[in-house]
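*Asks:* what follows is a predicted structure for the sequence shown.
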Amino acid sequence: MSRIGRKPIVIPKGVTVKIEEGTVYVKGGKGELNWRFPEQMSLHVTDDALKIERQSDSRAERALHGLTRSLINNMCIGVSNGFTKEMELAGVGYRATVSNDKVEFAIGYSHPVQYMLPNGITAGIDKKQTKLTLTGIDKQLLGQVAANIRSIRPPDAYKGKGIRYAGERIKLKPGKTGSK
């Protein structure tokens with residue numbers, strides 16, 4: 001059996017899990033998420049845990065077993081605690097501002113770049129306007145938004161300027177050397 005898939009999901013206090021017609025609904029203090037799980041999986045809810053079982057031992061079902069457990073576990077964590085993703089803007093004059101559901105970047109282009117945040121994702125900026133904090137309850141959506149923002153201006157290979165995840169290490173290439 002899958003090591004991840006056979007572990008039961010502990011349902012946090014204040015979170016309710018409901019299963020209806022191949023869809024799992026998870027509701028908590030921060031919001032509500034739903035996901036249509038594969039029909040090869042069967043979910044069993046007890047008082048404080050959720051167990052996932054598969055029908056056969058085929059390779060595809062073993063892969064879906066662990067995936068299903070991970071996604072539902074992330075849903076439970078998201079509606080109770082939420083997720084955050086931090087990003088840094090590295091470069092002279094690089095900064096960001098947030099207004100309502102829009103983030104505006106000044107990142108070396110001739111014009112400011114605007115990014116509309118999807119529903120469920122909020123952004124915050126520090127005082128220096130170089131650290132962006134994204135928060136949300138859906139881990140998949142949060143990671144995709146962070147990847148989309150990073151793709152606006154990925155870190156440069158020579159100077160390291162651009163938008164990067166917090167703590168991301170960029171291996172810089174050596175520049176040209178002068179003549180001998």
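*Replies:* Nice, I can see it. Numbers count the residues shown, from 1 in each chain.
*Asks:* torsion angles phi and psi at the residue nearest the centre of the chain?
*Replies:* Among the residues of the chain, the one closest to the centroid is Gly143, at 2.8 Å (C-alpha atoms, centre = their mean). Dihedral pair for Gly143: phi -60, psi -40, per degrees, to the nearest 10.
*Asks:* that one: what's its closest spatial neighbour, skipping adjacent residues?
*Replies:* Nearest residue to Gly143 in three dimensions, chain neighbours excluded: Lys85, at 7.0 Å (C-beta to C-beta, 6 or more residues apart in numbering). Where you see a C-beta, it was placed from the backbone N, CA and C, and this is true even at glycine.
*Asks:* which residues does the one you found contact?
*Replies:* Thr133, Leu134, Thr135, Leu142, Gly143, Val145, Ala146, Tyr165 (C-beta atoms under 8 Å, 6 or more residues apart in numbering).
*Asks:* please apply the same query to Leu142.
*Replies:* If you count contacts by C-beta under 8 Å, 6+ apart, then Leu142 has Phe83, Lys85, Ile121, Leu134, Thr135, Gly136 around it.
*Asks:* give me the nearest residue to it, chain neighbours excluded.
*Replies:* That would be Gly136: by C-beta to C-beta, 6+ apart, it lies 4.5 Å from Leu142.
*Asks:* cool, Thr16 as well?
*Replies:* Per C-beta to C-beta, 6+ apart, closest to Thr16 is Lys27, 5.0 Å.
*Asks:* these two touch, right, that neighbour and Gly78?
*Replies:* No - checked against C-beta atoms under 8 Å, the pair Lys27 and Gly78 is beyond contact range at 11.2 Å.
*Asks:* where does this structure have low pLDDT?
*Replies:* 1-2, 178-180 (pLDDT under 70).
*Asks:* longest single strand anywhere in the protein?
*Replies:* As assigned by DSSP state E, the longest strand anywhere in the chain is strand 83-90.
*Asks:* all strands for this structure, in order.
*Replies:* Using DSSP E, strands in the chain cover 9-10, 16-20, 23-27, 32-36, 41-45, 49-54, 83-90, 95-99, 102-106, 113-116, 121-125, 131-136, 162-165.
*Asks:* export those strands to a markdown table and tack on distance to Pro174?
*Replies:* Shown next, in a markdown table, are the strands of the chain (distance: least, C-beta to C-beta, whole Å):
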| stretch | distance to Pro174 |
| --- | --- |
| strand 9-10 | 48 |
| strand 16-20 | 54 |
| strand 23-27 | 50 |
| strand 32-36 | 47 |
| strand 41-45 | 51 |
| strand 49-54 | 50 |
| strand 83-90 | 19 |
| strand 95-99 | 29 |
| strand 102-106 | 29 |
| strand 113-116 | 30 |
| strand 121-125 | 33 |
| strand 131-136 | 28 |
| strand 162-165 | 18 |
